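In: show me how the following folds:
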Amino acid sequence: MYKRTLALLLVSLMILTMAFTGCSKPQTETAAPAEEIIKVGWMGSLTGDQAVWGQCELDTVKMLFEEINAKGGLLGKKLEVIGYDTKGDPQEAVNVAKRLTGQDKVVAILGPNASGNAIPIAPVLEQAKVPDIATVATNPKVTVLDGKVKPYNFRVCFIDPYQGAVAAGYAYDVLGFKKAAILYDVADDYSQGLTQFFEEFFVSKGGTVVAKEAFKFGDVDFRPQLSKIKEANPEVLFLPIFFKEAALIANQARELGITIPLMGGDGLPSEQLFTMAKDAVQGTYIVNHVDYDDPEVQDLKSRYRTKYNKELELNGYLVHDAVVVLVDAIERAGSADSVKITEALETTKVKGVTGQINISKETHNPEGKDAAIVKIEGDKYVFQQKYSAK
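Out: Below is the predicted model:
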């Protein structure tokens, strides 16, 4: 009885083995071999307040990779993007960086757009020897800390000292404002940095910061701070923050009778700003990375609109240039090796839709990029002029 049972079991196992073998297919029939793919990581917010920016970034990368692959790919290989949601959280950004470099074995990472998420991933990049190209992360600490460049951190945007100086200089020299107020997020690296550099440059010009009020991320009632600002009687209110809080502040400021112009950095531009506070933000001046009416950006805008049936956000322009920078580095390196790509990134000189990108080996920043001053008029960001801080 025992031998009969054992024989039946062996026959059953043979039948099952043959069945599974007959159902399996070669890997080449379902996907390209691993050696024919260049894996590139992306990280950013796909949930939370900044999800509109993150989704735009990821969609733009997917579109660009599809276009590149349709033309034969890169080094004879196909580009593949692997994207993860950081949820806007620094620790989650670290977790994502570990997953991309350790599990997915990407050759480079694009994003994140937020300084608070870009700063803490440096040790992960260094351990894995994988470069990251941040998009709209403008805090100096993203690429340089204590005077030393972070070897695997790069970016395609100008930095907060420059952005803050541009805003302060334009407010004082061009608009003629001598008294400014600032309302900022005390818990955000981006907001703190921009506040510091605006204040320093504005005061050095001869201006006075008559009120400086703070809030914490998650706050929705800004009336106490705005009341103090109103009493100080400034000529302009600088908002070094993101569009959601800016929209709430603008609405509440107008309700309190504050009619002075608002000014902000690259955290303000979004279609969501119009949805939330179109009337309240009229006349707002913004330091931006791109002129939306520039003839050189129209083709990208059109391709994105055609594919996704929505307008391209600011992040789309910056991640486009991050892709341009990465592709250029891979081509010049002649390799998809992450260390060789990193070495090539340090000598980048390419033209992007946001301007000329010349990466400095000492800072890993695109030195000398002009800022575009835009003004909200109706439902558009109307270009005013290119402006450099002096």
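In: what helix or strand is the residue nearest in space to the middle of the chain on?
Out: The chain has N113 as the residue nearest its centroid, 2.2 Å off, counting by C-alpha atoms, centre = their mean. Using DSSP states H and E, N113 falls within no helix or strand.
In: and stretch 66-73, C-alpha only, in CSV?
Out: Provided in CSV are the C-alpha atoms of stretch 66-73 (Å, rounded to 0.1, in the frame of the first residue of the first chain):
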residue,chain,number,x,y,z
GLU,A,66,8.4,57.1,-24.7
GLU,A,67,9.6,59.6,-27.2
ILE,A,68,13.2,58.7,-26.8
ASN,A,69,12.4,55.0,-27.0
ALA,A,70,10.4,55.5,-30.2
LYS,A,71,13.5,56.9,-31.8
GLY,A,72,15.7,54.0,-30.9
GLY,A,73,16.4,54.6,-27.2
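In: in the chain, where is pLDDT below threshold?
Out: 1-35 (pLDDT under 70).
In: show me where it has its helices.
Out: Remark: helices assigned in the chain by DSSP state H are 2-23, 51-70, 90-98, 115-118, 122-128, 160-169, 189-205, 223-232, 243-255, 271-277, 298-308, 314-333, 338-345.
In: relative to T363, which of these is closest?
Out: helix 160-169 (11.2 Å; C-beta to C-beta). Glycine gets a C-beta too; all of them are placed from N, C-alpha and C.
In: got the contact list for that closest one?
Out: Helix 160-169 is contacted from outside by 115, 138-140, 180, 190, 193-202, 205, 207, 238, 240, 263-266, 285, 287, 371, 373, 387-390, using C-beta atoms under 8 Å, 6 or more residues apart in numbering.
In: please name the residues that touch I260.
Out: 234-237.
In: so which of the residues you listed is the closest to E80?
Out: Nearest member of the contacts of I260 to E80, counting by C-beta to C-beta, is L237, at 45.1 Å.
In: you'd agree that closest one is up against L262?
Out: Yes - using C-beta atoms under 8 Å, L237 makes contact with L262 at a distance of 5.3 Å.
In: between those two, which contacts overlap?
Out: Going by C-beta under 8 Å, 6+ apart, residues that sit against L237 and also against L262 are A253.
In: in ChimeraX, select just the buried ones from the contacts of helix 160-169.
Out: Here is the ChimeraX command that picks out the buried ones among those, judged by 16 or more other C-beta atoms under 10 Å:
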select :115,138,139,140,180,190,193,194,195,196,197,198,199,201,202,207,238,240,263,264,265,266,285,287,371,373,387,389
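In: from A250, how far out is D279?
Out: 9 Å (C-beta to C-beta, to the nearest Å).
In: what about the two, which has more around it?
Out: A250 (28 against 9; other C-beta atoms under 10 Å).
In: tell me the contacts of that one?
Out: By C-beta under 8 Å, 6+ apart, the neighbours of A250 are 262, 277, 280-281, 284.
In: could you do G73 as well?
Out: Contacts of G73 (C-beta under 8 Å, 6+ apart): 38, 79.
In: contact partners for the closest residue to P90 other than its chain neighbours?
Out: By the measure of C-beta to C-beta, 6 or more residues apart in numbering, the closest residue to P90 outside its immediate chain neighbours is P120, 4.9 Å from it. Taking C-beta under 8 Å, 6+ apart, we find P120 in contact with 90-91, 93-94.
In: which of those tops the neighbour count?
Out: That'd be A93 among those, by other C-beta under 10 Å, with 27 neighbours.
In: so it sits against P112, correct?
Out: Yes - applying C-beta under 8 Å, one finds A93 in contact with P112, separated by 6.0 Å.
In: any common contacting residues for the two?
Out: 43, 86, 118, 121.
In: now the second one. Its backbone dihedrals?
Out: Dihedral angles phi and psi of T86 (degrees, to the nearest 10) take the values phi -90, psi -10.
In: so which of the contacts of I260 is the closest to D294?
Out: Distances from D294 to these, taken by C-beta to C-beta, are shortest for V236, at 26.0 Å.
In: partners of that closest one in the sheet?
Out: In this entry, V236 is beta-bridged to A180, by DSSP bridges.
In: report the contact partners of it.
Out: So V236 contacts 171, 175, 177, 179-181, 260-263 (C-beta under 8 Å, 6+ apart).
In: return the member of those nearest to A51.
Out: Nearest to A51 among those: L262, at 23.8 Å, using C-beta to C-beta.
In: ok, that closest one - contacts?
Out: 236-239, 246, 250, 253, 281, 283-285.
In: mind putting these into a markdown table with distance to V323?
Out: Formatted as a markdown table, the contacts of L262 follow (distance: C-beta to C-beta, whole Å):
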| residue | distance to V323 |
| --- | --- |
| V236 | 36 |
| L237 | 36 |
| F238 | 32 |
| L239 | 30 |
| A246 | 28 |
| A250 | 33 |
| A253 | 38 |
| V281 | 31 |
| G283 | 34 |
| T284 | 30 |
| Y285 | 30 |
